[in-house]
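Q: Structure, please.
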Amino acid sequence: MFTKPFRPLAAAAALAFLTGCGATVDIKSVASKDYRPEIKSLFILAQGVEKTQDLLNFTAVHVDSILVNEGFRSEVYVVDPLSLENGQDYKERIKRFKPDATLIISFKEGSTVNGGLARAVFDGLLVDSTLDHKIWRANMTMNISGSPSSMWKEYGRLLGNEMLRKMDEDGVIHLKRKIMPPEPPASRNPGSYQ
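A: Here you go, the predicted structure:
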């Protein structure tokens, strides 16, 4: 049986199992009506703070993998929160890649509960190759119930999927295969294994 020091861990594990860990993403976006370049290559720049670094990394890499599977040429750069690089350094990276457009994903604000991220707001900005024309902008709010670091990869996939789905829906990129919205969380009935 459990010794005393392990009882709190067992209780926490049981609570996490019963209440579930999950996330939802709400995206509000606007697309340029008069400027729609054909996008076949995309530079993905993600920047945040230490607490969101893993989530941003998983999101950017997931978006990149979907785009590559869709026939896009893409490159990812996740800015280290302690980086001394500036906007000119990023422009040089983008210029060397020569994309049709650049997607900038930035962490804006968040809140924590018991040291874990409970809510995070990201800004998504799609600009043309000159970085002068805004093509698409989104405010993406992720609400998280339970935020163990083991879930960052799944949360990153969710944020990436929802962002690409919204960009496709808004007509700023064109995906061959549609990304389906996430299914609502299954209701947890006592005695079920949902």
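Q: Break down this structure into its helices, ranges please.
A: Assigned by DSSP state H, the helices in the chain fall at 7-19, 53-69, 87-97, 152-169.
Q: how about low-confidence regions in this structure?
A: Where the chain drops to pLDDT under 70, the residues are 1-21, 115, 146-149, 181-194.
Q: about what we covered before: now the helices of the chain in a markdown table, with mean neighbour count and distance to Ile44?
A: To be clear about C-beta, it is placed using only N, CA and C from the backbone, and glycine gets the same treatment. Converted to a markdown table, the helices of the chain look like this (neighbours: other C-beta atoms under 10 Å; distance: least, C-beta to C-beta, whole Å):
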| stretch | mean neighbour count | distance to Ile44 |
| --- | --- | --- |
| helix 7-19 | 10 | 32 |
| helix 53-69 | 20 | 5 |
| helix 87-97 | 13 | 10 |
| helix 152-169 | 20 | 10 |
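Q: Can you add distance to Lys178 and give the ones you listed back as CSV?
A: Shown next, in CSV, are these (distance: least, C-beta to C-beta, whole Å):
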stretch, distance to Lys178
helix 7-19, 32
helix 53-69, 11
helix 87-97, 27
helix 152-169, 7
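Q: of the ones you listed, which approaches Asp26 most closely?
A: helix 152-169 (8.7 Å; C-beta to C-beta).
Q: now the closest one and helix 53-69, what's the angle there?
A: Counting by axes from the mean of the first three to the mean of the last three C-alpha atoms, to 10 degrees, helix 152-169 lies at 50 degrees to helix 53-69.
Q: May I have helix 152-169 exported as PDB, CA atoms only?
A: Output of helix 152-169 as PDB, limited to C-alpha atoms (Å, rounded to 0.1, in the frame of the first residue of the first chain):
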ATOM      1  CA  TRP A 152       2.300  21.000 -23.900                       C
ATOM      2  CA  LYS A 153       2.700  19.000 -27.100                       C
ATOM      3  CA  GLU A 154      -1.100  18.300 -27.300                       C
ATOM      4  CA  TYR A 155      -1.900  21.900 -26.500                       C
ATOM      5  CA  GLY A 156       0.500  23.000 -29.200                       C
ATOM      6  CA  ARG A 157      -1.100  20.700 -31.700                       C
ATOM      7  CA  LEU A 158      -4.600  22.100 -30.700                       C
ATOM      8  CA  LEU A 159      -3.400  25.800 -31.100                       C
ATOM      9  CA  GLY A 160      -1.700  25.000 -34.400                       C
ATOM     10  CA  ASN A 161      -4.600  23.100 -35.800                       C
ATOM     11  CA  GLU A 162      -7.100  25.800 -34.800                       C
ATOM     12  CA  MET A 163      -4.900  28.600 -36.200                       C
ATOM     13  CA  LEU A 164      -4.500  26.900 -39.600                       C
ATOM     14  CA  ARG A 165      -8.100  26.000 -39.700                       C
ATOM     15  CA  LYS A 166      -9.100  29.600 -39.100                       C
ATOM     16  CA  MET A 167      -6.500  30.900 -41.700                       C
ATOM     17  CA  ASP A 168      -8.000  28.400 -44.300                       C
ATOM     18  CA  GLU A 169     -11.500  29.400 -43.400                       C
END
